[in-house]
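1. Predicted model, plus sequence, below.
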Amino acid sequence: MSDAVISNDFSGSKASGLSGTSRGAYLRLLVFFIGPAAAVYTLFSVYPLIATILYSTATTDETGATHFVGFGNFITLLTDATWSAPFWNALRNNFIFFAIHMCVQNPIGVGLAALLSLPRLRLRSTYRTLIFMPTMLSVVIIGFSWQLILNPLWGITSGFLKALGLGFLFGPWLGQEGTALATLSLISVWQFVGIPMILIYAALLAIPQELSDAATVDGLNQFQVFFHVKLPLVMPTIGLVSVLTFVNNFNAFDLIYTVKGALAGPNFASDIMGTLFYRTFFGNQLQVGNPTMGATIATMMFLVILAGLLIYLFAVQRRMQRYSF
Amino acid sequence: MQRKISALSVHIILLAYTALALFPIVLTLVNSVKARKAIFGAPLALPTPSTFSLIGYQKVFSDSAVMGYYVNSLTVTVVTVAAVLLIGAMAAWGLSEYRFRGNTLLKLFFAIGIMVPIRLGSVEILKMMTHLDLNNTLTALILVYTAQGLPLSIFILSEFIEQIPRDLREAARCDGLSEYSIFFWIILPLLRPAMATVAVFSMIPVWNDLWFPLILAPSGGKQTITLGIQQFIGQYIIDWNSVLAALSTAIIPVLILYMLFSRQLIRGLTSGAVK
């Protein structure tokens, strides 16, 4: 049985011991098993995505008829100040949102994973389960809960800071232009830190004990073992976590919408691509909905996410493979 | 001695972080059963007989729609997970068991959906649902969520199917079982542990999603609980009892489910199923 021949041959069903199955029956088999998934996935996921990208080259006039405008919408989005100012603002905010995730979520995730993976740690699974819990809840619940906690009316946060002698630091963080985006980013970090923690924890457990034993025998202390032996080995997982964070961040919407509404206030200070897309597509108090420009923004989001994925696949992952076993 | 101190400091750090992770949830739950005065007067105190009050819950559940939202969320989640598991397992079997031209390409085609968010196609999804007259129906949500959940489901289940010993299917074939019987009677039961993982992974984003309910089914009593809570709180934002009770009603079922399934979920995450 030569695989090379069989994989290129429909009737080569011998590979699976299907000798005697006719070509037609084999085809029916494939359609039966793969057909439903392929149909649902193509119709409701792939087709809408492609159609949206194509729709970004159209515009509608007053009569509702669509015209082809090529890259016209993109030129408008990037050069017409009424469109480009919000677009660049949302894109910049989205990169800040992502940067805060990378700088806060990953180190905390690594730190917690390192502690959890210590040998002979008691209550390990209890800590793991409890710390992961916020990740499971809806962003809507998390957003509202933090909105209440940070609300000056309730005084929980200001009370805490006062108890620590830091009362002067408190302000209506979610309401100020300078702090709203950072506060929202940190709420999101707080919720999703469980994902890097669990994935890196799993990667740390997979490292053979002999490696750290050998390093200890060579005279490295626990910290050195972690930073020089273990951390380089879990870099591929940190890379994976980063790309997952990137995709999720550039697709985020729920938290900002829940806490700040579609206008992503104050004065669009917390506006990111997801909220800009929603506002443009559906309209709001300030503008009527514009599906073609909505499709254009969605296409830009797709391109940003695609760029991130490609950078990960070609640059980051390739370099990291050198470290893997 | 030194080892003891370091173990203690590890526990202190982990305890402190656990407290930080649970604080907002506990605070919401505790204050949801207190009278308004106590919510503001002593937010950190546990309810006492004199401050205990269920007024918020009464308001939430007197809004008769809330129960309906639960039923909607439950329907959408259960049907989606069932569909993702069944047709996902069928496709995983078809793709990993049978060799045919384009097999690898088809796998790649499905893999795209793991990384590219389906949200980006929302403009056309809405258009299509309007065409099909499915706006404000649960069917629209189920179709979209099934399409969203399938890629990861197929990916995880394929990996699992490849670990099932080949002899098993060959023996069944020798016994004259049809391919359909082999799948439904032999493979599907063996997939149960992997299906539990897939079920948890596909359930959470469906139950928690705000985007598609907001776009496809924002009114007409077809809201899911996540959207329903969001709208309810928007209306009652100054009534803290109702807000806290509404949040708690949304938190509690997820907490119960998480306590039941956290082992499966964490095992799924740590076994590298999502790599």
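-> Done, it's in.
2. all contacts plus neighbour counts: C-alpha atoms, from now on.
-> Will do.
3. got the domain boundaries for chain A?
-> What automatic domain parsing lists as the domains of chain A is A:3-55, A:83-320.
4. Is A:Pro119 part of a helix or strand, or is it coil?
-> On the three-state scheme (DSSP: H, G, I helix; E, B strand; the rest coil), A:Pro119 is labelled coil.
5. Can you get me a residue count around it?
-> 10 (other CA atoms under 10 Å in any protein chain shown).
6. Serialize the domains of chain A to TSV and add fields for mean pLDDT and distance to A:Leu77.
-> Formatted as TSV, these follow (pLDDT from 0 to 100; distance: least, CA to CA, whole Å):
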stretch	mean pLDDT	distance to A:Leu77
domain A:3-55	76	15
domain A:83-320	89	5
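7. Which one, of these, ends up nearest to B:Phe40?
-> domain A:83-320 (6.0 Å; CA to CA).
8. before we move on, back to that, want to try a markdown table for the domains of chain A, with distance to chain B as columns?
-> Converted to a markdown table, the domains of chain A look like this (distance: least, CA to the nearest CA, whole Å):
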| stretch | distance to chain B |
| --- | --- |
| domain A:3-55 | 4 |
| domain A:83-320 | 5 |
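9. Check for me that A:Asn267 belongs to a helix.
-> No. Using three-state DSSP, the secondary structure at A:Asn267 is coil, not a helix.
10. Low-confidence stretches in the stretch 51-200 of chain B?
-> Residue ranges of the stretch 51-200 of chain B with pLDDT under 70: B:64.
11. how about stretch B:16-30, does it reach chain A?
-> Yes. Residues of stretch B:16-30 contacting chain A under CA under 8 Å from any CA of the partner chain: B:Tyr17, B:Thr18, B:Ala21, B:Leu22, B:Pro24, B:Ile25, B:Thr28.
12. picking up where we left off before, may I see the domains of chain A arranged in JSON lines, with distance to B:Lys34 as well?
-> Shown next, in JSON lines, are these (distance: least, CA to CA, whole Å):
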{"stretch": "domain A:3-55", "distance to B:Lys34": "45"}
{"stretch": "domain A:83-320", "distance to B:Lys34": "14"}
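13. Now find how far off-centre stretch A:175-182 is within its chain.
-> Centroid separation between stretch A:175-182 and its chain, computed with CA atoms, centre = their mean, to the nearest Å, is 22 Å.
14. err, stretch B:55-70, not the other one
-> Distance, centroid of stretch B:55-70 to centroid of chain: 22 Å (CA atoms, centre = their mean).
15. Quote the end-to-end distance of that stretch.
-> One end of stretch B:55-70 to the other measures 20 Å (CA to CA, to the nearest Å).
16. Kindly report the same for stretch A:44-59.
-> Start-to-end, stretch A:44-59 (CA to CA) is 23 Å.
17. just to revisit the earlier point, of all the domains of chain A, which one is nearest B:Ile256?
-> domain A:83-320 (11.1 Å).
18. quick one: A:Gln105 and B:Phe100, what's the gap?
-> Taking CA to CA, one finds A:Gln105 at 44 Å from B:Phe100.
19. one step back: farthest pair within the residues of stretch B:16-30 next to chain A?
-> Farthest pair in those, by CA to CA: B:Tyr17 and B:Thr28, 18.0 Å.
20. if you count what's nearby, which of the two comes out ahead?
-> B:Thr28 (24 against 17).
21. Am I right that that one is in contact with A:Phe144?
-> No. Assessed by CA atoms under 8 Å, B:Thr28 is found out of contact with A:Phe144, at 9.7 Å.
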